[in-house]
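# Give me the fold of what follows.
(2 chains)
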Number of protein chains: 2
Amino acid sequence: MTNDDGIHAPGIRALASALRQLGTVSVVAPDRERSATGHAITVHRPLRARHLALDFADQAFAVDGTPADCVKLALEAELVLRPDIVVSGINRGANLGTDVLYSGTVSAAIEAAMLGLPAIAISLDDLRNTHYEPAAEFACYLAKTWHNRDLPPDTLLNVNWPKNTPSQVFVTNLGRRRYSNTFDKRQDPLGRDYFWMCNNVVDDLTPHTDVWAVAAGHVSVSPIHFDLTNYRLVAEVGNWQLALS
Amino acid sequence: MTNDDGIHAPGIRALASALRQLGTVSVVAPDRERSATGHAITVHRPLRARHLALDFADQAFAVDGTPADCVKLALEAELVLRPDIVVSGINRGANLGTDVLYSGTVSAAIEAAMLGLPAIAISLDDLRNTHYEPAAEFACYLAKTWHNRDLPPDTLLNVNWPKNTPSQVFVTNLGRRRYSNTFDKRQDPLGRDYFWMCNNVVDDLTPHTDVWAVAAGHVSVSPIHFDLTNYRLVAEVGNWQLALS
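Below is the predicted model of the structure:
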């Protein structure tokens, strides 16, 4: 398990506690909050992994890096035994649509899939609620279900849990989130400008997207991969007959 | 224009100098190297943009954030007039296959596409060579060619230029790069372990991929998008009939 809210976040505790029903739980997570770090990795300085004794995990390491670093280090430096599945979360706040690219939580699960493991990212669409248990139980159920069915490799599932108690699960594709008034321009005490990024979401509620499902109060499960090729355009750009002068 | 090697990197100077043949060039780039930052954005502290007078650009701002921050700030805080195209690079080192997710250079171009603009990311497969001019000329040619043809929105082109003088251009899909011995484990003077991420690439040379094209000495152009949905699996996971207990 990993996350991007840090190893001491309530979401990872609730998720680990639930996943222990299924087997041994190893946690390798950032030593502090690393939200919005996307798929950043640490190449210009060394990483350290500190062993922690936590009551909710069989073993735990706090890493001074990003969520993707945690997954790489856990698996490639063999901090822990190779797991059957990697679960990332439960994130405080949804990770929907185009926002998944900014998300440390989802990027950690993508890194796990790149390293050949089934992976689930799970997020709660609420910044205040700390009632993570129903989403944690669903993650267990989903991990068990996946274990009994075959999905091709290089796949992960991105789960978002709505604010209020849901009654249905929708399997969705990723939608669009846009932001309005993205920056708040302010002046410091010396009269110099600075910009603070804001979070005014404008959701595109196209049906069958994750954005739509969660806005409608449902649980969203999106199968995602990490191949950004736009295959439809490979032939089209090929027809441009690009040449070197 | 932006990059992830920082506003003072030789790659951005060469690219800007070439692009001025086409029109006005505005540069909004990180004030220092921000390689491997992926699509990280800065939400927990404010950003500052410092105006610089640079001989190779019509206007320039150095931002104390990531490449994606630079694009967001340039466009959404209206630091510069809305451009016709965003070009990111020229990166020192290739950005191929699965590595594009780690790349600040490519993520900046993805951010531009998310904000509705045509975008090109361009990288040179050499960490030592500083002869960026041929790749810069190609970026101009590609920008002009794109301007005369219609590509659907939400698309960007990821270009990689090989180490030696190329003779052909291939339009490719993204391939795979894997790494062996990813971490070097060392001990500090106090006897405590630390881990340094290494860069031992093991390329998968499947034909028609970007990894293959550049290894074979060609220029690679990959059309990419930012929708990570695995559409083929949406129906399959839908058949699992997931339910809430």
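# For B:Asp84, see how far away the residue nearest the centre of chain A is.
By CA atoms, centre = their mean, the mean C-alpha position of chain A lies nearest to A:Val106, the distance being 2.0 Å. For A:Val106, the distance to B:Asp84 equals 32 Å [CB to CB, to the nearest Å]. Placement of C-beta: from N, CA and C, glycine included.
# just A:Glu33 next, same as before
Look at A:Glu33 and B:Asp84: by CB to CB, they are 38 Å apart.
# Those two: which is more packed in?
A:Glu33 (16 against 13; other CB atoms under 10 Å in any protein chain shown).
# Tell me who's in contact with the closest residue to the more buried one other than its chain neighbours.
Counting by CB to CB, 6 or more residues apart in numbering or on different chains, A:Glu33 lies nearest to A:Gly6, which is 4.7 Å off, once chain neighbours are set aside. A:Gly6 sits next to A:12, A:29-34 when contact means CB atoms under 8 Å, 6 or more residues apart in numbering or on different chains.
# what do you get for A:Ala16?
A:1, A:25, A:27, A:54, A:56-57 are the contacts of A:Ala16 under CB under 8 Å, 6+ apart.
# Buried by neighbour count: which residues of the longest helix along chain A qualify?
If you go by DSSP state H, chain A has its longest helix at helix A:133-147. Within helix A:133-147, the residues that count as buried by 16 or more other CB atoms under 10 Å in any protein chain shown are A:134-143, A:146.
# ok, now stretch A:225-238?
The neighbour-count check on stretch A:225-238 (16+ other CB under 10 Å) flags A:225-230, A:233-234, A:236-237 as buried.
# Name the surrounding residues that touch it.
A:110, A:113-114, A:154-156, B:98, B:100-101, B:110, B:151-152, B:155, B:157, B:171-174, B:221-226, B:228, B:230.
# Return the subset of those lying in helices.
Of those, the ones assigned to helices by DSSP H are A:110, A:113-114, B:110.
# any idea which of those is closest to A:Ala216?
A:Ile110 (26.1 Å; CB to CB).
# Look at that closest one and say how many residues are nearby.
Other residues near A:Ile110 number 29, with proximity taken as other CB under 10 Å.
# Would you quantify the distance from it to chain B?
A:Ile110 sits at a distance of 7 Å from chain B (criterion: CB to the nearest CB, to the nearest Å).
# how about that residue, what does it touch?
A:39, A:68, A:119, A:156, A:224, A:226, B:101, B:228.
# switch the cut-off to 6 Å
By CB atoms under 6 Å, 6 or more residues apart in numbering or on different chains, A:Ile110 lies in contact with A:Phe226.
# Report the separation between it and A:Asp204.
Counting by CB to CB - A:Ile110 and A:Asp204 are separated by 23 Å.
# Same check on A:Ala135?
Applying CB to CB to A:Ala135 and A:Asp204 gives a distance of 24 Å.
# What of A:Ile85?
Distance of A:Ile85 to A:Asp204, computed by CB to CB: 31 Å.
# Show me which of these two is the more surrounded one.
When neighbours are counted by other CB under 10 Å, A:Ile85 and A:Asp204 differ, and A:Ile85 comes out ahead with 20 against 13.
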